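Peer 1: Got a predicted structure plus its sequence, pasted below:
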Amino acid sequence: MDIWEKLYLEAKALYAPQEVSDFVYARHVVAAVEAADGQIFTGFCMEGTCGVFHLCAERAALFNMYQQSGQTKVKRIIAFRDKPPYGEGSGMPCGACREFLLELNAENRHLEFMVDYESRKTITLGELMPLWWGEERARQRENKGKK
């Protein structure tokens with residue numbers, strides 16, 4: 001079993017779309033992240049009709065990663081609905097998730113997102129966000145840490 005299958009199966013276990021209430025829908029998008037140390041963390045999406053309350057599966061998994069391990073650096077992410085990513089933009093993170101990943105740790109630009117599960121095609125966050133506004137600030141922080 002390769003790492004992508006492991007990530008897929010961990011996330012798939014959470015997939016169970018449900019109406020939590022008349023206003024909240026959950027578990028219709030799931031994600032698994034592999035942290036820098038190899039641990040896997042999962043999360044699922046929750047959406048509220050007011051628009052303010054919306055938590056993507058990727059960010060939920062990242063919150064779990066940080067809460068449980070204190071880590072901010074990610075190697076790989078898979079996210080999907082009822083089937084694994086199949087290309088055509090399926091499995092791609094929203095803008096808020098892309099931004100949060102870079103703000104969490106600028107090194108996350110090297111992480112891989114699963115684009116097509118069957119062919120194992122991936123794309124890096126840096127390819128998705130080539131001109132991130134925070135790059136200069138992140139580089140300054142990295143340079144301070146090297147002194």
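Peer 2: Thanks, I have the structure now.
Peer 1: Bridged to the nearest residue to H54 once chain neighbours are set aside, which residues?
Peer 2: Nearest-residue entry for H54: E47, 5.0 Å, with adjacent residues in sequence omitted and distances by C-beta to C-beta, 6 or more residues apart in numbering. Glycine gets a C-beta too; all of them are placed from N, C-alpha and C. On the basis of DSSP bridges, E47 is bridged to Y25, H54.
Peer 1: My guess is K121 contacts G87. True?
Peer 2: Yes - assessed by C-beta atoms under 8 Å, K121 is found in contact with G87 at 7.2 Å.
Peer 1: shared neighbours, the two?
Peer 2: V115 (C-beta atoms under 8 Å, 6 or more residues apart in numbering).
Peer 1: How is the nearest residue to R120 once chain neighbours are set aside assigned, secondary-structure-wise?
Peer 2: Of all residues not flanking R120 in the chain, W4 sits nearest, at 6.1 Å (C-beta to C-beta, 6+ apart). Counting by DSSP: H, G, I helix; E, B strand; the rest coil, the backbone at W4 sits in helix.
Peer 1: Fine, thanks again, bye for now.
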